[in-house]
Structure formats: structure tokens, C-alpha cells
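# 3D, please:
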Amino acid sequence: MYRKGLSIFVVILLLKLSFAVEEGKTLSALPPDGLSLSGSWDCAGAFASKRTHRATFTGNVVLGGKWLELDERDTEPATGYVGKYLIGYDTQQKRLVEFDANNFGAAIYFSTDGWQNHTLIMTSAVSEGEGAAYAANRFVYSITASNIFTVDWQISKTSALAWTTADHLACTRQKVSN
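As a prediction, the model looks like this:
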């Protein structure tokens, strides 16, 4: 009887310890499994209107190796769009945060899940304001191979979050010349 009670106690203690370790775990902005978004990328895709979208991305690991910095420069359409996206872990909120600064505005996105199956989803807060083109938006970054990633900008016109893709880009790492 004593052994059985001791065994149950040990199992409960181990479960509590594993939950405590899990709760203290921080999310990484960097892709898992040795994958990386560092380097230069050529991207091609389309907006929801089927209009062609081409861009270049440059990725870097910054701020002590903890944050992912992505720079986007659109080449088609030639609107002059440039954006800087900084993704890292917010220790106070215990979630990933993405700061999106671009020459048309700025936004903030969040993720409490981090990278899942080589995909990172960063979602904005829901806006209830009148006149907004959509209630929320998000970026979905997916790494499909070591030299290929996609980024989808999705919007929801309602606070019930029914996502539709507004922009899709498939990016290929630029070859490094010797």
C-alpha cells in the first residue's frame, strides 16, 4: 500500500513539474528545426484581385539572436511600398509580438502559439471601429523547404474571424554568388 501511494505521489509530482517547466517556456521568434529566414529572398504572388505582386525580402536575426527582422520592398506594383517587420518574444505578455512599420502605416500582431509545423501565425487585435476595411488581419509565415517560404496576408471582415487571403507571396532564397 505504501509503495502504491508513493508511486502515485511521484507521478503527480512529475506531472506538476512538467507543467511548471512548460509554463516557463518562452516562444522563439526563430523558425524551428534549423530552418532560417535569414538572407535575401525573391517573392512572387498575387493579391486577392489577381493582380501580380512581386517583392524582395531580407531576413536577419537581431537583438542578441532573439528577434527576427524582415524587410520587404515591393517591386510590382511599383507603389514604393517598403516595410520592416520585427518579431520577438514579449516576456510580460508571454507571447510573440510583431511590429509592422511601413511607409503607409503601422500595426502590431501577436501569437501565443509560436511556430507550429513550420508555420507562424501573427494576428492583429480585432477592431470594432466603423469605417475599417476589415475587423482583423494576420500574417501567416510558412516555411515549406530550407530555401522556400510563403507569406499570406489574411483579413477578416467580421469580428467572428472568417479569414480570406488578401495577398500571397511565395519566396525563394536568392543564390549566393561566389
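
# use CA for all of it now, contacts and neighbours both
OK.

# Now do the helix or strand residue 106 falls within: distance to the chain's middle.
Under the criterion of DSSP states H and E, residue 106 resides in strand 105-111. Between the centre of strand 105-111 and the centre of its chain there are 10 Å (CA atoms, centre = their mean, to the nearest Å).

# Just want the angle from the following helix or strand past it to strand 105-111.
The C-terminal neighbour of strand 105-111 among helices and strands, as given by DSSP H and E, is strand 119-123. Strand 119-123 runs at 120 degrees relative to strand 105-111, counting by axes from the mean of the first three to the mean of the last three CA atoms, to 10 degrees.

# For strand 119-123, what is the distance to the chain centroid?
Offset of strand 119-123 from its chain centre (CA atoms, centre = their mean): 4 Å.

# Would you mind putting the CA coordinates of it into PDB?
Taking C-alpha atoms only, strand 119-123 is exported to PDB below (Å, rounded to 0.1, in the frame of the first residue of the first chain):
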ATOM      1  CA  THR A 119       4.100  27.900 -39.700                       C
ATOM      2  CA  LEU A 120       3.900  31.100 -37.700                       C
ATOM      3  CA  ILE A 121       0.500  33.000 -37.500                       C
ATOM      4  CA  MET A 122       0.700  36.600 -36.200                       C
ATOM      5  CA  THR A 123      -2.800  38.100 -35.700                       C
END
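
# which other residues reach that strand?
The contact list for strand 119-123 (CA atoms under 8 Å, 6 or more residues apart in numbering) reads 97-98, 109-111, 114-115, 136-143.

# Good, we can wrap up now.
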